[in-house]
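Participant: what's the 3D shape of this:
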Amino acid sequence: MLTTAIQYSLKIDTTEHLGIKEYTYTCYGDSENKNIFYVVPEIPIFFGQESKPDFLFYKYRKEEQQGGYAQFTVKLPVPTQSEGEKIKTQLYKGISPQLAAKSRLIVKYVQAENKLTADPTNKANQEAREKAFKNTGLTEEQAKKYVVAYDPKGDGEQFLGRLMPDENKIELRQPRYTSAQASLIINENKVFYSQQPTPLSPSGLGNNDTVFSLSLTGLGATLFENVLKGTPSNASVGIRYNFTLDASLPAVKVIVTYDSEKMKTVAQTITRHTWSADEKEITREFSEKGAVKVSVIPGLSPQEMGMKDEQYNAWIKTFEDWGQAQLQQILSSQTGLDMSLDLLNDAGSFDKFKESLKNTQSFTRVYEENRVVPFSIAPQAQLPSILSIVGAGKVDDYFKEYDLDDPFFQFIQPEFYVSQDLAKYNIENIIVIAKYDDNHVSTLRFDNKNSAPQKTEKWYIDKKLGRTYSYSYTVNFSGLHSKPYHSGKIDVTDSLVQYINMAQCGIVYAQVDSLLDEQAWKTFSQVLLKAQYSDPAHDIELKSDVQLLNVSTPPKPFIYPVGMKPENPIYFTTDYYTRDGGRFTYIEPGIEPSSQLPGYGSTRANQIQIMNALPRKTSYSIFFIASKKDVLIITFDMTVNYKTYKFKQTQSINLEEKDLEEKTTRRNLTFGFLPDGTDDIPEITYSGTVIYNDERDPKPIEGKVSGSSFAVVVNC
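Facilitator: Numbers count the residues shown, from 1 in each chain. Next comes the predicted model:
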């Protein structure tokens, strides 16, 4: 699995891409295989062939009206074979300092482990061992191998050879993105700021080719033309991708806090005018007033990580951004709105945003190291000018200006786009009826076999109607209880490109993502997910969905076509079954609980995440001290008891006479714990019996383990 603990950014010379001579990639390591690295392109660029960008811009005028339209394709290029070889060469040379630092951390851990063995009752030794182990980012199985291989005479970098990738075996892979979005960002003199998500999301695969189509006002068209044509300007046009992927956290703790009352108070001080003028400044105010807070607590310094200060600060910044994304996701699940703290513009109007705050609840969520989380990566960059790509002699081929009063342009031909993932929503077909007048009507049909953009017939403009037309569409679904969605009449003026977003077509939808990695499935045998939706007020009957997940059975999305905009949340619960026979119900902190369905949480977002409910692995060292060889058998049980969750974990140690050759015998027991922020502090107890090989009565063993202790000493 991708780990953010090992990452290296590099630049390579390239002639493969339009408008740039140098390209930046970031490579992330793998938590299991030292030769695998995941490559993330950092710079969005124009798509094109033979030095011709896939770009079109035209500005139009009609009497006193003016505007513009732009369509272009942007990509995040996967490295070619020749570029891949350059990346491998730089990566092998550049990653060494980080891996040398990791070797030093492992050596410190082994030394702490040996020190604890020598003096198991020393509390400082217990705490030092636990901290050193967490800093390595290793699993218990991996750590044991280094303990065996440790050379007391070696230096701190004695494991560098084990950690370094084999130069000829380095394998570059693309991360598996669980979601992908792209936005157009426009800035002018740091005053005008606009971010527009593209209706057609990138695929999350390959070069992530993404088509941007936008209609512009007269002012917007002039600004856009000046920037991308190459005219000197203080404005910029950029592209920002947002990818989510599963990754393991390194030695860092991220605490996300939201205070609903402070949020409401701050919102009351913001006027409608201020909100419209500068939303970015307002979102900063939410943070400064304590309404929202993301705290990143690194466990290691730049030197301990083997990073330069600049690289380390950028590394910390990724966790701050990631924490903000988690905050937005939780708030979205509570409100059903896109609560992006970058802009919040998709929450609709200012009043709608303030109204939505009534539905939010305060929460604190803690993310620990070595936990699998949905991590966010956001490559972004300003687009180069078309002038810099094609030269002054050809730039006018890409920028056109039209007089709409010219008879040649006296017709319109609207074009319709639909999402490319119709099967994802169980859609059979989409019927679009576009109408200019009673004599000019076009019917378009989209389905899984034909989802490419379609145009209407050419409609010559009537002076009374002008450039106004209307359309409606019906979405038909497959499956039991599915209801078609009817959009109703939609009136349009001037805009000739329309998008139909499937996610907004009367579908109750939630992508279900499992964040249980290979290590988590060693603890759990299966997870039972139950989800349901109903709306009695609109005669929408209850639909229940039950999924049994295990290591070989991934989750499926919850889909319920209801024929109208969903007004209620999806209710869901997760039952976790451990391999030792335990069972408990768990919902992450921050998920709003249901008052009607005990044990259920609710979400208005389009995602349900199945988290590792026992992410914090803690190892306890049990020391059996027998000064005389008079012990026949020792039985030992250790129990972690969550009373609120009605969940117990018990592990046993059984020792016979042959196991007790040394004066001190050590065994380790590792337990999984619920995340910080849960309302149940476990009780940790142990019990057992010492049976002697003489006539003495068996000796009972019993006691409690405090929360800060990681060792138990049994005097036999």
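Participant: Could you check the pLDDT of Lys59?
Facilitator: Model confidence at Lys59, given as pLDDT, is 79.
Participant: excluding its backbone neighbours, what's nearest it?
Facilitator: For Lys59, ignoring the flanking residues on the chain, the nearest one in space by Cβ to Cβ, 6 or more residues apart in numbering is Gly68 at 4.3 Å. C-betas here are computed from N, CA, C, even on glycine.
Participant: What of Gly156?
Facilitator: Arg104 (3.9 Å).
Participant: Name the SS class of the one you found, please.
Facilitator: helix (DSSP: H, G, I helix; E, B strand; the rest coil).
Participant: do the one 10 residues further on as well
Facilitator: Put simply, Asn114 is helix when judged by three-state DSSP.
Participant: That one: neighbour count?
Facilitator: Using other Cβ atoms under 10 Å, Asn114 is surrounded by 14 other residues.
Participant: What about the residue nearest to Gly156, how many residues nearby?
Facilitator: 19.
Participant: which residues sit in contact with it?
Facilitator: Arg104 makes contact with 156-157, 304 under the criterion Cβ atoms under 8 Å, 6 or more residues apart in numbering.
Participant: For those residues, give me a markdown table that also has neighbour count and secondary structure.
Facilitator: Listed next are those as a markdown table, based on neighbours: other Cβ atoms under 10 Å; DSSP: H, G, I helix; E, B strand; the rest coil:
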| residue | neighbour count | secondary structure |
| --- | --- | --- |
| Gly156 | 15 | coil |
| Glu157 | 17 | coil |
| Glu304 | 17 | helix |
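Participant: Which one of those is nearest to Ala392?
Facilitator: The shortest distance between Ala392 and any of the contacts of Arg104, using Cβ to Cβ, involves Glu304 and amounts to 52.5 Å.
Participant: Would you state the helices of this protein in chain order?
Facilitator: 81-94, 96-118, 123-136, 140-149, 160-163, 218-229, 260-268, 272-277, 279-288, 302-305, 309-335, 350-356, 386-390 (DSSP state H).
Participant: Now do the buried residues in the fifth one.
Facilitator: When you say that, I think you mean helix 160-163. Residues of helix 160-163 classed as buried: 160, 163 (neighbour count, 16 or more other Cβ atoms under 10 Å).
Participant: how far is that helix from where the chain is centred?
Facilitator: How far helix 160-163 lies from its chain's middle: 31 Å, per Cα atoms, centre = their mean, to the nearest Å.
Participant: Make residue 1 into 57 and carry on from there
Facilitator: Okay, using 57 as the starting number, the last item reads as helix 216-219.
Participant: Give the other helices and strands that that helix contacts.
Facilitator: On a contact count with 3 or more Cβ pairs under 8 Å, 6 or more residues apart in numbering; DSSP states H and E, helix 216-219 meets helix 152-174.
Participant: likewise the third one?
Facilitator: Other elements packing on helix 179-192 under the criterion 3+ Cβ pairs under 8 Å, 6+ apart are helix 152-174, strand 672-681.
Participant: quick one: average pLDDT of the first one?
Facilitator: The reference is to helix 152-174. Across helix 152-174, the average pLDDT comes to 94.
Participant: likewise the last one?
Facilitator: Averaging the model's pLDDT scores along strand 672-681 yields 89.
Participant: By mean pLDDT, point me to the weakest helix or strand of the protein.
Facilitator: helix 328-333 (a mean of 48; mean pLDDT, DSSP states H and E).
Participant: So Tyr541 sits against Pro617, correct?
Facilitator: Yes - with contact defined as Cβ atoms under 8 Å, Tyr541 and Pro617 form a contacting pair (6.9 Å).
Participant: Can you pull the residues that touch both of the two?
Facilitator: Residues touching both Tyr541 and Pro617 (Cβ under 8 Å, 6+ apart) are 531, 533, 562-563.
Participant: By neighbours, which of the residues you listed wins?
Facilitator: That'd be Val531 among the shared contacts of Tyr541 and Pro617, by other Cβ under 10 Å, with 27 neighbours.
Participant: how far away is that one from Ile487?
Facilitator: 8 Å (Cβ to Cβ, to the nearest Å).
Participant: same deal with Val348?
Facilitator: 44 Å.
Participant: Could you check which of those two has the larger neighbour count?
Facilitator: Val348 (22 against 15).
Participant: domain parsing for this structure?
Facilitator: For the chain, automatic domain parsing gives the domain ranges 152-220, 466-550, 563-666, 672-771.
Participant: so can I have JSON lines of the ones you listed showing distance to Tyr114?
Facilitator: JSON lines is the format used below for these (distance: least, Cβ to Cβ, whole Å):
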{"stretch": "domain 152-220", "distance to Tyr114": "50"}
{"stretch": "domain 466-550", "distance to Tyr114": "13"}
{"stretch": "domain 563-666", "distance to Tyr114": "35"}
{"stretch": "domain 672-771", "distance to Tyr114": "54"}
